[in-house]
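A.B. asks: what's the 3D shape of this:
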Amino acid sequence: MPRPPVLLALMAALALAAPARADYPEAIRDVILPGYAAFAEAAAALDTAAQASCEAQALEPAFHTAFDAWMAVAPLRIGPAEEDGRALAILFWPDPKGLGAKAQAALLAGEPAALTPEGLAQASVAARGLLGLERLLWPAEPLPADPCPLVRATAADLARMAADLRDGWQGDTGFAQAMLSAGTEGNAEFLSGPEVRQAIFTLIHAGLEQIADQQLGRPLGSFDKPRPELAQARASGRSLSNVVLELQGLRALTESLTPDAPLTLAAFDHALGLAEALADPVFAGVATPGGRLKVEILQQAVRALRDTAAVELARELDVDLGFNAADGD
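C.D. replies: I've put the predicted structure just below:
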């Protein structure tokens with residue numbers, strides 16, 4: 001029997017009002033591509049600032065803006081980020097053997113004219129990127145030579161890598177298109193949509209594991225031997241800020257994949273609330289019982305979030321927690 005016009009109008013209105021189901025195309029278009037574009041823009045601004053002045057005070061705002069932008073996409077170690085070791089060169093951490101400082105000392109001891117962006121691109125990844133700049137702007141010890149040429153080369157190298165990352169995701173032959181066209185003829189990168197969901201889910205899981213085990217776990221050390229000096233980006237005062245930004249980025253990526261994961265999103269909000277309330281920018285408090293307890297509680301919340309996502313988010317995305325995700329690979 002034909003439906004009455006009023007019913008047809010109501011059905012049409014409900015269809016228009018109902019939100020479209022989020023999926024990996026939304027994650028790519030709304031989170032990943034804008035994230036890489038923002039990082040490229042911030043890195044270019046940092047490069048411009050470095051060519052004008054090498055002083056830490058002058059570069060600090062642009063440095064923090066670029067670092068902020070990177071943390072939003074830092075967990076996305078896939079595609080262009082893996083090519084040429086870009087992700088490692090942008091943020092080489094942890095560095096337990098101090099390879100970055102040693103490599104930079106050798107560069108500073110060499111001929112200043114050789115300190116070009118092209119030359120630095122061939123140097124050790126440990127000497128480059130955001131933490132390479134941090135060591136030059138806020139050195140732990142007096143530097144053996146004028147750092148200005150190396151500051152400028154490092155900023156220019158960083159801007160180039162950021163642009164390469166952005167461009168590697170964009171266009172008809174970019175990595176985003178390989179994901180969006182999963183399962184189509186000729187696409188050897190992704191054979192189906194579920195493969196794309198699995199890849200992004202794995203990145204989320206591995207990102208949460210990295211935050212808990214490395215960014216929080218390293219400065220925590222052990223009860224008898226806390227290691228606050230091992231906190232990420234300690235010299236620039238960003239250790240806690242990096243955790244917050246990375247959690248925010250992972251939450252945005254998760255919600256863009258599916259808003260129908262209330263337990264996971266609530267666990268994100270809980271962990272973020274703890275992190276944002278933690279008045280300990282470089283985790284110096286882990287050296288005291290009370291300060292250590294607060295960081296341990298945050299670590300436990302991130303691990304609980306990871307475990308919640310492993311069940312609820314995997315179910316919503318219809319993917320399995322395979323060995324890659326479980327191992328953080």
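
A.B. asks: what residue lies at the spatial centre of the chain?
C.D. replies: The centroid of the chain falls nearest to residue 74 when counting by CA atoms, centre = their mean (1.6 Å).

A.B. asks: what's the pLDDT at that one?
C.D. replies: Note on residue 74: pLDDT of 98.

A.B. asks: I'd like the distance between the closest residue to it other than its chain neighbours and residue 23.
C.D. replies: Closest residue to residue 74 in three dimensions, ignoring its sequence neighbours and counting by CB to CB, 6 or more residues apart in numbering: residue 246, at 5.9 Å. For every residue, glycine as well, the C-beta is placed using N, CA and C. Distance check for residue 246 against residue 23: by CB to CB, to the nearest Å, it reads 23 Å.

A.B. asks: Specify which residue of those two has the higher count of neighbours.
C.D. replies: Higher neighbour count among residue 246 and residue 23: residue 246, with 24 against 16, using other CB atoms under 10 Å.

A.B. asks: residues near residue 275, how many?
C.D. replies: Using other CB under 10 Å, residue 275 has 23 neighbouring residues.

A.B. asks: Also residue 129?
C.D. replies: Neighbourhood size, residue 129 [other CB under 10 Å]: 23.

A.B. asks: Just give the nearest non-adjacent residue to it, would you?
C.D. replies: residue 90 (4.5 Å).

A.B. asks: What of residue 283?
C.D. replies: Closest to residue 283 by CB to CB, 6+ apart is residue 219, at 4.1 Å.

A.B. asks: list the contacts for that neighbour?
C.D. replies: Residues near residue 219 by CB atoms under 8 Å, 6 or more residues apart in numbering: 226, 227, 228, 229, 230, 231, 239, 283, 286, 295.

A.B. asks: for this structure, where's the lowest mean pLDDT among helices and strands?
C.D. replies: helix 5-17 (a mean of 39; mean pLDDT, DSSP states H and E).

A.B. asks: who does the following helix or strand past that one touch, helix- and strand-wise?
C.D. replies: Sequence-wise, the next helix or strand downstream of helix 5-17 (DSSP states H and E) is helix 24-27. With contacts defined as 3 or more CB pairs under 8 Å, 6 or more residues apart in numbering; DSSP states H and E, helix 24-27 has these neighbours: helix 193-210, helix 239-257.

A.B. asks: now the helix or strand that comes right after helix 24-27 against helix 239-257, angle please.
C.D. replies: Per DSSP H and E, the first helix or strand lying C-terminal to helix 24-27 is helix 33-52. Helix 33-52 runs at 150 degrees relative to helix 239-257, counting by axes from the mean of the first three to the mean of the last three CA atoms, to 10 degrees.
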